[in-house]
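Engineer: this one's sequence-less:
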Ligand code: PMT
């Protein structure tokens, strides 16, 4: 039975990979299964928090008694987070958010033509949700990000922590087999706002989520 270190706190968790529509039957997405975000939602709930899980499509069953908000695109996710963040004590962004979305969405299915061997897709940047959240964040609110990196893990993650004004960031090396996207396990380096960092062993996402929630509770206490 977990200690109720988040009793009375409202925590928003995002999970899964956003989908960016190309046409009525196709979309761009990524390999996120939602496992990491769902584990964080379960850990926050076990710690006594009132949890809102904003989820992209996944195959997972959400933890009981968690409020689930289903979204598809990065724009949907941005709207859902920005509408709820003002009433929340903390936000954990575990979702794998698309950085680009199609410039236009075709009304009808895109067709092959006999004279066309190539199709060029034009993409535009999506809104950076954590950067938008940083603009409205109050001093007592806590924001936690993940950084999915394939190179220069620490340097890139530290930049993300600063750019997005985060209190805590969990950096995972998604180029390594057996951790990161879709695995049951993960290994993260936690980076705090003061720049200090420490690495977890490779372990289950459940254990990583519990460690993250403990840190989040400690940061909330000191605010
Ligand atoms: O879902 P699983 O299969 O369990 O996999 C877990 C995971 C690998 C997806 C997860 O651990 C993880 O790393 N999630 C973050 C993925 C990601 O989008 O990382 P990023 O480095 O591109 O973004 C950094 C942070 O900014 C993230 O917290 C992200 O949610 C957020 N972001 C990103 C883009 C954007 N437009 N807005 C954002 O707020």
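Structural biologist: Thanks, I have the structure now. Model, not experiment: these values are computed from the prediction. Numbering: from 1, shown residues only.

Engineer: tell me which helix or strand comes right after the lengthiest strand in the chain.
Structural biologist: When the chain is parsed with DSSP state E, its longest strand is strand 142-149. Using DSSP states H and E, the helix or strand that follows strand 142-149 in sequence is helix 153-163.

Engineer: mind listing what's buried in that next one?
Structural biologist: For helix 153-163, burial by neighbour count (16 or more other C-beta atoms under 10 Å) applies to 153, 157, 158, 160, 161. C-beta here means a position set from N, CA and C on the backbone, and glycine is covered the same way.

Engineer: residues in contact with the first one?
Structural biologist: Applying C-beta atoms under 8 Å, 6 or more residues apart in numbering, one finds that residue 153 lies in contact with 147, 171, 173, 189.

Engineer: the inter-axis angle of the helix or strand hosting residue 212 versus strand 142-149?
Structural biologist: Counting by DSSP H and E, the element that carries residue 212 is helix 205-222. If you take axes from the mean of the first three to the mean of the last three C-alpha atoms, to 10 degrees, helix 205-222 sits at 140 degrees to strand 142-149.

Engineer: who are the packing partners of helix 205-222?
Structural biologist: Counting contacts by 3 or more C-beta pairs under 8 Å, 6 or more residues apart in numbering; DSSP states H and E, helix 205-222 packs against helix 35-46, strand 90-93, strand 142-149, strand 168-173, strand 185-186, strand 188-192.

Engineer: ok, residues contacting the longest strand of the chain?
Structural biologist: With C-beta under 8 Å, 6+ apart as the test, strand 142-149 has contacts from 36, 89-94, 96, 130, 133-134, 137, 153, 156-157, 160-161, 164-175, 180-181, 188, 212, 216, 219-220, 223.

Engineer: in stretch 143-155, what's buried?
Structural biologist: By 16+ other C-beta under 10 Å, the buried positions in stretch 143-155 come out as 143, 144, 145, 146, 147, 148, 149, 153.

Engineer: right, I mislabeled it, should have said stretch 167-187
Structural biologist: 167-174, 179-181, 183, 185-187.

Engineer: with respect to residue 26, which of those residues is nearest?
Structural biologist: Ranked by distance to residue 26 (C-beta to C-beta), the buried residues of stretch 167-187 are led by residue 181 at 20.9 Å.

Engineer: look up the closest residue to that closest one, ignoring the ones flanking it.
Structural biologist: Excluding the flanking residues, the one nearest residue 181 by C-beta to C-beta, 6 or more residues apart in numbering is residue 31, at 4.0 Å.
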